[in-house]
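A.B. asks: Return atomic coordinates for the entry below.
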Amino acid sequence: MPIAIENNRGQFQYQIFKAGELAGFVQYSMDGADLWVLHTSMKRQFKSALLTDMLIHHVLTDAHASRLAVLPFCPAVRAFIAEHREYAYLVTAEWQERIPSPAHHKADADSNIPLDFVRLTGSCRAQHLDTTLGSPDVDQYINGNTGPLSLTHLQDPAALAQLQDPEQQSVDS
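C.D. replies: Residues are numbered from 1 along each chain as shown. As a prediction, the model looks like this:
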């Protein structure tokens, strides 16, 4: 089941697809050279910290490549940047104080930051389609995305353990 992420400029959304089905999106707006990241939404059946990280990573990498400043209105994106400070330079000076410190998130080991801040849509009864590191679709996506802002943080043993913990992947009803 391949994973694809694309920028749907007509709908102002970065969309992530799994096996051809829309799994979630990041809604944005543009103001000159500023990318206003408004909110992140995932279908319940695709609820996954890994897919969320992949999507937000793509948004920030694209902003870097396009030389855009990021205004992270979305709390999921702010949480992601707090965990991955290598993206903090993208955030405008006025917004830097709104990025929480990494220590703030480390205190709560049971959280799925930034997944905790993602809007979930769809039926609670939908079959959950698990996405884990090591699966062919994830490996294919990660191996195809290299460079200075690649998904290398996903190869950190602590990050791997958090993303692969099934307790953190469960769907709340």
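A.B. asks: In this protein, mark out all the strands, start to finish.
C.D. replies: 3-8, 13-18, 21-31, 34-43, 69-72, 119-121 (DSSP state E).
A.B. asks: And these: which comes nearest Ser101?
C.D. replies: Among those, strand 69-72 comes nearest to Ser101, with 14.9 Å by Cβ to Cβ. Yep, even glycine has a C-beta here, placed from its N, CA and C like the rest.
A.B. asks: same for the closest one, what does it pack against?
C.D. replies: When contacts are defined as 3 or more Cβ pairs under 8 Å, 6 or more residues apart in numbering; DSSP states H and E, strand 69-72 sits against strand 34-43, helix 49-65, helix 75-83.
A.B. asks: Swap in 10 Å and give it another go.
C.D. replies: Judged by 3 or more Cβ pairs under 10 Å, 6 or more residues apart in numbering; DSSP states H and E, strand 69-72 is in contact with strand 21-31, strand 34-43, helix 49-65, helix 75-83.
A.B. asks: Which one of these lies nearest to Thr92?
C.D. replies: Using Cβ to Cβ, the helices and strands packed on strand 69-72 put strand 34-43 closest to Thr92, at 7.2 Å.
A.B. asks: I'd like the strands of the chain as a markdown table, with mean neighbour count, mean pLDDT and distance to Arg78 appended.
C.D. replies: Converted to a markdown table, the strands of the chain look like this (neighbours: other Cβ atoms under 10 Å; pLDDT from 0 to 100; distance: least, Cβ to Cβ, whole Å):
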| stretch | mean neighbour count | mean pLDDT | distance to Arg78 |
| --- | --- | --- | --- |
| strand 3-8 | 16 | 94 | 20 |
| strand 13-18 | 21 | 95 | 16 |
| strand 21-31 | 19 | 95 | 13 |
| strand 34-43 | 20 | 94 | 9 |
| strand 69-72 | 22 | 95 | 5 |
| strand 119-121 | 14 | 69 | 15 |
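A.B. asks: now those in CSV, with distance to His58?
C.D. replies: Listed next are the strands of the chain as CSV, based on distance: least, Cβ to Cβ, whole Å:
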stretch, distance to His58
strand 3-8, 4
strand 13-18, 6
strand 21-31, 9
strand 34-43, 12
strand 69-72, 13
strand 119-121, 18
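A.B. asks: how about those, which one is nearest Tyr89?
C.D. replies: Nearest to Tyr89 among the strands of the chain is strand 69-72 (9.5 Å), distances taken as Cβ to Cβ.
A.B. asks: For stretch 78-97, list every residue counted as buried.
C.D. replies: Arg78, Ala79, Phe80, Ile81, Ala82, Glu83, His84, Tyr87, Leu90, Val91, Trp95 (16 or more other Cβ atoms under 10 Å).
A.B. asks: Make CSV from the helices and strands packed on strand 69-72 and add distance to Pro2 to it.
C.D. replies: Supplementary listing: the helices and strands packed on strand 69-72 in CSV, determined by distance: least, Cβ to Cβ, whole Å:
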stretch, distance to Pro2
strand 21-31, 11
strand 34-43, 17
helix 49-65, 12
helix 75-83, 23
